[in-house]
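Visitor: build me a structure from this.
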Amino acid sequence: MSSDKINQLFWLYYGQAIKDKAGANFGKTGAFFLATEAQKGPVAGDYIPDEYTYQGLYDIGNNLLATDNLFYNPSALHGYYEAIGTYLNWVDLQGKPDAKLDAALLSALQDQAAMQKKYATERANAASQWKDDKDLGLTTLGFYDWVYSGNAPAFIAAQKQLAQIGSTIQNIQNQIAGPMAATINKDRSKYDQGSDQQKDWPGVNMHGAFGNILSPAELVRKANAGEKVPPPDFQRIPAFNAPKYKAAVQAAMRKATGDYTPENSVSFTIDTGKNTSDFDFGQTSGSASVSASTFCGWFSFNASASHSEESTRLETGSDSTNVSVKITYDTIELVDIVPGSWNIDTSKYKLRSDAPKDVKALARVSQLVIATGLGYEITVGASTASTIDTKYKETSSAGGSISIFGIPIGIGGGGSHSEEHDSHKATWDSASKTFKVTPAADVGFATVVGLVGEKLNIL
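Guide: A predicted model of the protein is given here:
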C-alpha cells in the first residue's frame, strides 16, 4: 500500500473517532471537516474581557470551508466573510444582457482580487509598525485611530483603492439592474457593516482583541487567580455568536494548571484493507476520498519550530497495522456558532453562469468540535520506533517541531516560547515505543479538533 494512502487512513480513522465521540450527525446539508492545523479554543470567563473570546470565535467561525474538501486551512487570509463578499459580486441580477457591462464587471473583479492582496499586505505592515510604536511608548492610540492620524499612508491608500473598486462593481451592477438589484444592494449594505471600523453595529460587528495582547497562558493564570484583566486594544470584526462556548471551556481552564489526568479515551488501529471511499464525512464528492495532496502528514517532523516549512512525514510502511493511536480527553462536544446579521441567505439568489467554481462550493461553520484536555498516546512497532528515535533526536537538536493530527509541538528549542504559546508538549519513550502528547499547562485546555459545516444553498 502506498504511503499516501496509509497517511490518508490514519487521518480518516482519526476523523471518524472524533466525529463519533462528538455525535456529529450533520444530515444531508452538513459536512464534517478537519484542520490542516488545529486551532486553540479561545479563552473565556467572567474575569476575561470579551474581546479575547470574540477574536478567537471569529478566527474559528470565519474559516473557509469547501464542500468538496475534507480539510480547511485556518491560516487562509480569505475566510468565509470575504467569500460572501465575493459571492455577492457574482450574483445574477437577471437584468438585460449587455456585453460591455459584463466586460467591465469582469475587469473590476480582477482588479478587486489583486487589490485585496495588496490591502492585506499593507494592513499587516501597518499593524507591525503600530505594535512597535506601542512597545516604544510612541503612541497610546488604538490601531485605526493611529492609522487615521496619518501614520500609515500606504495602508490608507490601499484601503481607498479597494473601496473605489467595490463602488465600481456596485455601480456596474446597478447599471445591469434587473429585479434582484435592490435586494443585493440591501444585503451588501448590511454585509459592509460587518467590517466597519468606524462604528459599532450590534449583532453585525464586534470588538476583537488586537495588537500587543496577553498570551492565552497569561489570561488563564489571571482568570484562575481571580484577577480581572483590563480590556485590550481592539479591532472591529464581523460578528460570530457561540452562546454556549464559555460554559464548554470554563471547567477545562480551571483544570489546566494541574496534572494531566484525562477522564476519557478512544483508541484505533488502521485496517489497510479499507479504502478512503469507505469513509463519508458529507463532502459533495460522496466520500472522503479527496486528493492525496490535500492530506498533510498525520505525524510529521520539521526543523523549524514554527512548522511553517516543508515537513517530513513519518513513514510507517509494513508497521502501519501495528501502530495504535489512543486519543485521551476530558470532553469532546459540539458547540453551535452562527454568523452575525451581515450574513446573507444565498437561496434567494442565482449565480452567473461564469461564476468561479470555488464560489459555488461554500459552506459556513455551524458547529465547533471542542476537545478539552486533549492528548495522544501513539504506540508503534520496532521499525517505526527506530525511525522516530532518530527523527526525534534530529528535530530536538535543531529546535524544531513535530505535528500530530495538525497540532504543532515545539521540541528542543527555547522553553519560554513553548511554555507560553504551544498548546501541547510531547515526550518519546523508546523503551515502550510510545510517543505521548499532553496539553501544556495553562494553554492546552481546549482544542478545536474539527468543524461541522452547513452547505450553502447555491443555485
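
Visitor: tell me the centre residue of the protein?
Guide: Computing the C-alpha centroid of the chain and ranking residues by Cα atoms, centre = their mean puts P74 first, at 2.8 Å.

Visitor: give the contact list for it.
Guide: A35, T36, E37, Q39, D59, I60, N63 (Cβ atoms under 8 Å, 6 or more residues apart in numbering). Yep, even glycine has a C-beta here, placed from its N, CA and C like the rest.

Visitor: and the residues you listed, which is closest to H78?
Guide: H78 lies nearest to N63 out of the contacts of P74, by Cβ to Cβ, at 10.7 Å.

Visitor: hang on, that closest one in a strand?
Guide: No. Going by DSSP: H, G, I helix; E, B strand; the rest coil, the assignment for N63 is coil, not a strand.

Visitor: I'd like to know how far A225 sits from A24.
Guide: Separation of A225 from A24 (Cβ to Cβ, to the nearest Å) stands at 36 Å.

Visitor: comparing these two, which residue is more hemmed in?
Guide: The residue with more neighbours, out of A225 and A24, is A24; 21 against 9, by other Cβ atoms under 10 Å.

Visitor: for the stretch 301-450 of the chain, just list every one of the strands.
Guide: Ranges of strands within the stretch 301-450 of the chain are 312-313, 324-329, 331-336, 338-339, 362-372, 375-379, 401-404, 407-410, 424-429, 434-439, 446-455, based on DSSP state E, counting those that start in this stretch.

Visitor: how about these in CSV, adding mean pLDDT, mean neighbour count and distance to G282?
Guide: Converted to CSV, the strands of the stretch 301-450 of the chain look like this (pLDDT from 0 to 100; neighbours: other Cβ atoms under 10 Å; distance: least, Cβ to Cβ, whole Å):
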stretch, mean pLDDT, mean neighbour count, distance to G282
strand 312-313, 92, 16, 26
strand 324-329, 97, 21, 21
strand 331-336, 94, 19, 14
strand 338-339, 97, 20, 19
strand 362-372, 94, 25, 9
strand 375-379, 97, 22, 25
strand 401-404, 93, 24, 25
strand 407-410, 90, 24, 23
strand 424-429, 94, 18, 28
strand 434-439, 95, 22, 28
strand 446-455, 93, 26, 8
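
Visitor: is E454 in contact with S366, as I believe?
Guide: Yes. Using Cβ atoms under 8 Å, E454 is in contact with S366, at 4.3 Å.

Visitor: picking up where we left off before, TSV for the contacts of P74, including distance to A126 and neighbour count?
Guide: Formatted as TSV, those follow (distance: Cβ to Cβ, whole Å; neighbours: other Cβ atoms under 10 Å):
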residue	distance to A126	neighbour count
A35	28	23
T36	28	15
E37	26	17
Q39	25	21
D59	20	18
I60	25	24
N63	25	23
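
Visitor: mark which of the residues you listed are part of helices, please.
Guide: In helices, defined here by DSSP state H, the members of the contacts of P74 are D59, I60.

Visitor: I'd like the contacts of P74 as JSON lines, with distance to I18 and pLDDT appended.
Guide: Below are those laid out as JSON lines (distance: Cβ to Cβ, whole Å; pLDDT from 0 to 100):
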{"residue": "A35", "distance to I18": "11", "pLDDT": "87"}
{"residue": "T36", "distance to I18": "15", "pLDDT": "86"}
{"residue": "E37", "distance to I18": "15", "pLDDT": "87"}
{"residue": "Q39", "distance to I18": "14", "pLDDT": "91"}
{"residue": "D59", "distance to I18": "20", "pLDDT": "94"}
{"residue": "I60", "distance to I18": "16", "pLDDT": "95"}
{"residue": "N63", "distance to I18": "16", "pLDDT": "94"}
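
Visitor: residues in contact with P439?
Guide: A256, Y260, G373, L374, G375, S423, H424, K425, F445, T447 are the contacts of P439 under Cβ under 8 Å, 6+ apart.

Visitor: the same query, at a cut-off of 10 Å, please.
Guide: Contact analysis of P439 by Cβ atoms under 10 Å, 6 or more residues apart in numbering lists 252, 255-256, 260, 262, 328-330, 371-375, 407, 422-425, 445-447.

Visitor: quick check: bridge partners of it?
Guide: Bridge pairing for P439 (DSSP bridges) gives the partners H424.

Visitor: this structure: helices as residue ranges?
Guide: Applying DSSP H to the chain gives helices spanning 3-22, 50-61, 80-89, 99-135, 143-146, 153-176, 181-193, 216-224, 245-255, 382-397, 415-421.

Visitor: those helices into CSV, with extra columns for distance to L314?
Guide: Putting the helices of the chain into CSV (distance: least, Cβ to Cβ, whole Å) gives the following:
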stretch, distance to L314
helix 3-22, 9
helix 50-61, 28
helix 80-89, 33
helix 99-135, 34
helix 143-146, 42
helix 153-176, 43
helix 181-193, 44
helix 216-224, 28
helix 245-255, 29
helix 382-397, 7
helix 415-421, 21
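
Visitor: need the winner for burial among these.
Guide: helix 50-61 (a mean of 22; mean count of other Cβ atoms under 10 Å).

Visitor: extract the CA atoms of that one and return them as CSV.
Guide: Written as CSV, here are the backbone C-alpha positions of helix 50-61 (Å, rounded to 0.1, in the frame of the first residue of the first chain):
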residue,chain,number,x,y,z
ASP,A,50,-15.0,39.5,25.8
GLU,A,51,-12.6,40.9,23.2
TYR,A,52,-10.3,37.9,23.6
THR,A,53,-13.1,35.4,23.3
TYR,A,54,-14.7,37.2,20.4
GLN,A,55,-11.4,37.3,18.4
GLY,A,56,-11.0,33.6,18.9
LEU,A,57,-14.5,32.8,17.9
TYR,A,58,-14.1,34.9,14.7
ASP,A,59,-10.8,33.2,13.9
ILE,A,60,-12.7,29.8,14.1
GLY,A,61,-16.1,30.8,12.7
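
Visitor: how far off centre is that helix?
Guide: Relative to the centre of its chain, helix 50-61 is centred 11 Å away, using Cα atoms, centre = their mean, to the nearest Å.

Visitor: one more: stretch 247-255?
Guide: Averaging C-alpha positions (Cα atoms, centre = their mean) puts stretch 247-255 21 Å from its chain's average.

Visitor: got the CA coordinates for it in PDB?
Guide: Written as PDB, here are the backbone C-alpha positions of stretch 247-255 (Å, rounded to 0.1, in the frame of the first residue of the first chain):
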ATOM      1  CA  ALA A 247     -19.700  27.100  29.600                       C
ATOM      2  CA  ALA A 248     -18.000  24.400  27.500                       C
ATOM      3  CA  VAL A 249     -14.400  25.500  28.400                       C
ATOM      4  CA  GLN A 250     -14.500  27.100  31.900                       C
ATOM      5  CA  ALA A 251     -14.100  23.800  33.800                       C
ATOM      6  CA  ALA A 252     -11.200  22.900  31.500                       C
ATOM      7  CA  MET A 253      -9.500  26.300  32.100                       C
ATOM      8  CA  ARG A 254      -9.700  25.700  35.900                       C
ATOM      9  CA  LYS A 255      -8.200  22.200  35.400                       C
END
